[in-house]
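> Give me a model of this one.
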Amino acid sequence: MYSDLIIKQWGEDHRLRGQSMKNEPAFYRNLEQALDTRRQAQYLLALKPRWDESVADFTTGDFLSVTRTGQIREAFLAELACHPDFELGASGGRLQYGNYAYINQVEREIADFHGAETAYITQSTYAANLGVLSSVPLPGDALVYDELVHASSHEGFRLSLAEHKIAFPHNDPDGLRDVLIRLKTEYPVFEAGTRSVLICVESIYSMDGDICLLKELVQVAKEEFPLGNAQFIMDEAHSIGVIGDKGRGLVSMLGLEEEIAIRIHAVSKAVGAVGGMILCRKTVLSMILNNARSLTFSCAPSFPMVASIRAGYQLLMSGATQEAQERIQSNVKHLFETITSNPIWDEATDEGILSIPLIEDWEHRPFQSHIVPVRTRPRHEIFLFFHLLMNNFNAYPFAFPVVPKGQSRVRLVIHAHNTAEQIEKLASTICDWACEMLDIEHGPVMRHGPNKLIFSSMRALHVAKSFAYKYTAATPGVYGVFNVIDKSAHRFKRKLVGQATSERSMRIFEPVMQEQIATFLRILLETSRGSEPVNMTELVNRLTFDTVALLAFGRPLKTQADPTYRPLIEAQNAGNYRSNMLMQFPLLYKIKIFNFLELFAADQVFQYWNTLETMIAARVAEEKHIRHDLYSILVDQINPEGKYLKDSEIWAEAAFFFPAGADTVSALMCAVFFYLAHNPAAYARLAHEIRSTFATSDQIKGGRQLTACNYLRACIDETLRISPPASGTLWREVDTNDRSKEPFIVDGHVIPRGVQVGLNIYTLHHNEEYFPEPFTFRPERWLESETPAAQLKAMQEAFVPFSIGARSCSGKAMAYAETSLTMARTLWYFDFELAPGELGKLGGGNRSLGEGRDRESEYQLYDVLSAIHDGPNLVFRPRGELWKDLVVGDEKA
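Model prediction:
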């Protein structure tokens, strides 16, 4: 919900407004036109809602997590309790009435902690930088600064009286030396020591995250200006609390307290308070007090503000944050280890999609920066930002002019409270995005093998089936709707089988289907009584297998209640695996290697075919039209040549009907359960739709009410898109009987006859050209009310989970009917969630599964012509007393 809100607001903020203000006063129109320039460049800043706890924080300044854990709040309240008579308000500036005893005490404590002569609290670090730089440099002095210092420093430079303001290359001691040599060569006053050089650097640079080479820079300054008129102004905003003993910062860690003239600290980041701090000698402070108007004409910090600063520093001084400091280091190292071990990392960096400069030598550094910039190409930072946001990660993008041109990035801030799991998922999500970018960059075609090309274009579907299909026939030379190549024969068979799975047929068959779903729900009820985790693959496989057996030949296999026929489900997978191998590698058929491979599953395969034969024989022995099933439709039909269908043709259709009607629906249904359990907002919206649409469970049936559940259909469609049950490559080839002289062209590639053209549905469904944020589960994309018509039309044309046209799967109506009824009735009777701990991770990706399978939020399917899968593990809870509808007799009591 928060992610959607942010995206919606971002779009509203970036809507051009200037031209629409023709009737407004010119003053406002001029301002909006100026803002439109930033909107067009996507640099407009705007206020955003604060994130809730579901969004992982990789942005805020709460480095040590003292705010999140409540440590600073407890310390602050304890500090206030020690001073119950404190005054509110400042009562004036520090030079007037605002210099009270308590603030002097806190400043002395902080100065002692950092080894400084004096300390001065300011309203903010920005104000401190502005005050120091506008007051300390004298006319004729020089300001030399690292080219990447804070924007607040640049504001101070503009106000400064310094005559020379020169940048040196970032973090480059030799570059600093060149500037200093040039200064003293061109202006003798510097070498004579009558004018000073103030060198501005930062301990940790806020956008690049690299750590200042302070020792080396100080050595250069001392060598070039031995009189001591070259001094440093060090901004330690990002190092306090993170670096050094008890978080004293970089200067203290290096023992350079006497070498740095001015230190500027932030207490609003790691310390968890509000304000800034200047550490310096009394001479410098006197200069500031007499010249820094931004400080002297500001009200003094109030007692609560100073108390919060003392509370934060007490946490540092007591060592209470030492463990958090160590966790930050551990988290940064874990991020680097995780992201560099991702299979896509090397390619993404080689192609310039991603880079993290800090990774280059991280293993050799004594400590790590908690600010990690993930650089990418210009404009890509916005795409990466939204990709992270839709996966519940908060990490902001930055582009020119905030950072140098060509160095766009998303900046990660690593905290003590970030968990190892969050770090791993963050790294995986970044690499997923990089993989998407690489797929887009490499284009829509890939050579799969000799005379085989795979496209991610719809054009690749508009060709005849490949010869490879004929090798999947159960009986050589006898083809069913799946493997027949001849178009007219396929048209006839598809029409035939389609009668069994059409919407009209589903309405007739629905009472039988509802009985099977009721059995499924009763099993869920039993598991819910003990809060037992349920592997949905096992339960749903049995539901769909029993259902398709009844639809095919009216035989009750009862695998939901009786284990006798459950091995057939695994045997079916073995048969699918065989067919899939032969489709991808037809040569295996010719050398008969599949006969050898089948020995490993001989018992299962034999039992499967034997059971299928028994079912057909039993059905043939019955009256033809005793019930509505596939057999009753096939048996009397006449083919185009006028002959009755042979028994072997019934066998051929049955061999395809079972896996098509069971495996694919099971994969779809399990994936819907998975994505709902992993996406609470979608779960809540769908549950509300179901429970507000129907008044009783009896109303949940095919018809207008169920059809009106638009979000249910959207969830099913989004699941079919992101995890298509038939996710393999569909092979096509130019019809050899086509004597047209016109070349066949796919995406600019001329395809000769004899070359197989493949379309991988998974690839097509993850093509960002058709589906923005393709790896994100967003059912809303399918709703007319929430997606522009042109975009929805483009998505619908590229949405082919059942293939297209005359070659499309005839089981589409069955898949939607069974899934819709099962999901609606489940959400009517139960609430469910992921099983706790490791059990709840089943079904999702992880790095150990190999390249492309590391997305924890993606349901993992394995292509065996249909799909095999495992999980998710869910825990079900009955809703109120509704469960009583599922039981009879004494059980209701």
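
> Which parts of the stretch 101-250 of the chain are strands?
Per DSSP state E, counting those that start in this stretch, the stretch 101-250 of the chain carries strands over the ranges 118-122, 142-146, 164-168, 197-202, 230-235.

> Distance to residue 451 for the ones you listed - can I get that in a markdown table?
Every C-beta, even on glycine, is put in place using the N, C-alpha and C of the backbone. A markdown table is the format used below for the strands of the stretch 101-250 of the chain (distance: least, C-beta to C-beta, whole Å):
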| stretch | distance to residue 451 |
| --- | --- |
| strand 118-122 | 73 |
| strand 142-146 | 59 |
| strand 164-168 | 60 |
| strand 197-202 | 60 |
| strand 230-235 | 63 |
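
> wait, which of those strands is closest to residue 760?
Distance to residue 760, taken as C-beta to C-beta, is lowest for strand 197-202 among the strands of the stretch 101-250 of the chain, at 48.9 Å.

> Show me what that closest one is packed up against.
strand 142-146, helix 173-186, helix 214-224, strand 230-235 (3 or more C-beta pairs under 8 Å, 6 or more residues apart in numbering; DSSP states H and E).

> confidence score at the most centrally placed residue in the chain?
Centre of the chain computed as the mean C-alpha position; nearest residue by C-alpha atoms, centre = their mean is residue 391, 3.2 Å away. Per-residue pLDDT puts residue 391 at 86.

> Could you list which residues are in contact with it?
For residue 391, the contacting residues are 425, 429, 776, 857, by C-beta atoms under 8 Å, 6 or more residues apart in numbering.

> one step back: including mean pLDDT, could the helices and strands packed on strand 197-202 go into CSV?
Shown next, in CSV, are these (pLDDT from 0 to 100):
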stretch, mean pLDDT
strand 142-146, 98
helix 173-186, 96
helix 214-224, 97
strand 230-235, 97
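
> what's the distance between residue 98 and residue 517?
Remark: distance between residue 98 and residue 517 (C-beta to C-beta, to the nearest Å) = 74 Å.

> mind listing what residue 867 touches?
Going by C-beta under 8 Å, 6+ apart, residue 867 touches 663, 664, 667, 725, 726, 727, 861.

> who wins for neighbours among those residues?
residue 667 (29 neighbours; other C-beta atoms under 10 Å).

> Sticking with it, tell me its helix or strand.
Using DSSP states H and E, residue 667 falls within helix 647-678.

> again with residue 412
strand 409-413.

> could I have that strand exported to PDB, CA atoms only?
C-alpha atoms of strand 409-413 as PDB (Å, rounded to 0.1, in the frame of the first residue of the first chain):
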ATOM      1  CA  ARG A 409      23.000   6.100  -8.200                       C
ATOM      2  CA  VAL A 410      20.800   4.700  -5.500                       C
ATOM      3  CA  ARG A 411      22.400   5.300  -2.100                       C
ATOM      4  CA  LEU A 412      22.100   2.500   0.500                       C
ATOM      5  CA  VAL A 413      22.600   3.400   4.100                       C
END
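
> If you count contacts, what does it end up packed against?
strand 371-375, helix 380-390, strand 397-398.

> Just send the helices and strands packed on strand 197-202 back as JSON lines, with mean neighbour count and distance to residue 611 too.
Output for these, formatted as JSON lines (neighbours: other C-beta atoms under 10 Å; distance: least, C-beta to C-beta, whole Å):
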{"stretch": "strand 142-146", "mean neighbour count": "23", "distance to residue 611": "76"}
{"stretch": "helix 173-186", "mean neighbour count": "16", "distance to residue 611": "79"}
{"stretch": "helix 214-224", "mean neighbour count": "18", "distance to residue 611": "77"}
{"stretch": "strand 230-235", "mean neighbour count": "25", "distance to residue 611": "76"}
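
> Fine by me, thanks again.
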